[in-house]
Every structure is written in C-alpha cells, then in structure tokens.
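Peer 1: sequence and predicted structure are below.
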Amino acid sequence: MYKKTKDPQSVLLEAAFLRELRAGGAAVPAVLACREGVLVMEVLPGEPLPDVIERGGYDAGALAGALCEWFGGFYGAVAAVPDGTAGEARGDVNGRNFLWDGARVYGVDFEERCFGSMARDAGRLAAFIETYETRDLERQGALSAAFMRGFAEKFGCDFDEILREREGEFEAMRRRRGTE
C-alpha cells in the first residue's frame, strides 16, 4: 500500500511511529519503504469497520473484543498512563482507520500522534460506531455497548466518562454536519 504526500517530513514521522507501534506489538502495517514523500506499507487483511457495520452479519461481541484487544496493543506500545486519564491516545478513531478480518482488528493511518484520555478514545469510537448507516440497528447498538463495557473493564476506565465522551463526539458531529 502506498501513501504519498507533498510533505516528506510527515511521511518520515508516520513511518517512525508505525515502526515504534509495531515493535511494541500493536497490530499496524509494517513499513516496507519510506522515501521522497512516499510511504510503502504492507497490505493488511480485512475491511474497514464502517463497511463491516453497514454489511452486517458480524458477531458484535467478537468484534468489540477484538477492538479492545487492538487498543490494548496500541496502549502497550506507547506506554499509556496506567489510569488512562492522560497520555498518548489513538485520537483519530474514525472507523475507517480500523480493519477487521473476522478475527483481528488492525489500525491504520498514523499521521499524527495524539494525547488525551483512554475514555475519550472509547467514547469517540463508540459514537462513530453508532452513526454508520446499517441494516441492523440492534446489532450496531450491541457492538457499541459491548465495546464500551469491554473497554471500561479492560482498561479500568470510568464507564460514565466513556459515555460523556461519546456524547461530546455526537455534539461535535452535529456541529460539523450543521445539524444543531
């Protein structure tokens, strides 16, 4: 997979971050080459999270668990603050940045490093999960709920804080879309 940019420095930074994450055990693409504003990465299996949700037919519990496992690998690779209140976070949790192959989740698109709380990552991703168009609203809701519960349990996050962050992301979406 190729990623080309006009800013060669951004490619170097993303390549360095991907190498750090991969060395730390996070499920991200391997960097194959990086030169002249082009980042070459391995092609990962799976399809983007929104496509999985829109298609339906997935096991919500298994997918929620795999998302939590991915975040565990990510936080382990960046040495996140143990109580999850601050530190390096994923930040860009748009569902298109997560691939699901039916068993494992992979993360892509690491142009910027982000700092924040784990609860913010979880709440924002839950909001995205809940807003994709789907044929199965019940399964979509079950996925979001299972993800938030599993995340809170795995990382010791306050579930109410995750819900507040989700609501904050819903509000941000309304502002971006002009639907206030």
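Peer 2: It's in.

Peer 1: the nearest residue to Ile53 once chain neighbours are set aside: neighbouring residues, count only.
Peer 2: In space, Ile53 comes closest to Tyr132 once its chain neighbours are excluded; the distance is 4.6 Å by CB to CB, 6 or more residues apart in numbering. Quick note: C-beta positions are derived from backbone N, CA and C, even for glycine. With neighbours defined by other CB atoms under 10 Å, the count for Tyr132 comes to 15.

Peer 1: same question, Arg166
Peer 2: Arg166 is surrounded by 23 other residues when neighbours are defined as other CB under 10 Å.

Peer 1: hang on, isn't the residue nearest to Ile53 packed against Pro50?
Peer 2: Yes: look at Tyr132 against Pro50 with CB atoms under 8 Å: they come within range, at 4.7 Å.

Peer 1: mutual contacts of these two, please.
Peer 2: Residues touching both Tyr132 and Pro50 (CB atoms under 8 Å, 6 or more residues apart in numbering): Gly95.

Peer 1: got the phi/psi numbers for the residue nearest to Ile53?
Peer 2: With angles defined as degrees, to the nearest 10, Tyr132 shows backbone torsions of phi -70, psi 150.

Peer 1: so how far is Arg90 from it?
Peer 2: In this structure, Tyr132 lies at 18 Å from Arg90, with CB to CB, to the nearest Å as the measure.

Peer 1: spatially nearest residue to the residue lying farthest from the centre of the chain, not counting backbone neighbours?
Peer 2: Computed with CA atoms, centre = their mean, the maximum C-alpha offset from the centroid of the chain is found at Glu36, amounting to 27.7 Å. Closest residue in space to Glu36, ignoring its immediate chain neighbours: Pro8 at 6.6 Å, by CB to CB, 6+ apart.

Peer 1: go on, Glu169?
Peer 2: With CB to CB, 6+ apart as the measure, Ala127 is the residue that lies nearest to Glu169, at 3.7 Å, once sequence neighbours are left out.

Peer 1: quick one: pLDDT of the one you found?
Peer 2: At Ala127, the model reports a pLDDT of 95.

Peer 1: so it is in contact with Arg164, correct?
Peer 2: No: between Ala127 and Arg164 there is no contact, the gap being 11.2 Å when judged by CB under 8 Å.

Peer 1: got phi/psi on the residue nearest to Tyr2 when sequence neighbours are not counted?
Peer 2: Excluding its sequence neighbours, the residue lying closest to Tyr2 (CB to CB, 6+ apart) is Val40, at 5.7 Å. For Val40, the backbone dihedrals (degrees, to the nearest 10) come out as phi -110, psi 120.
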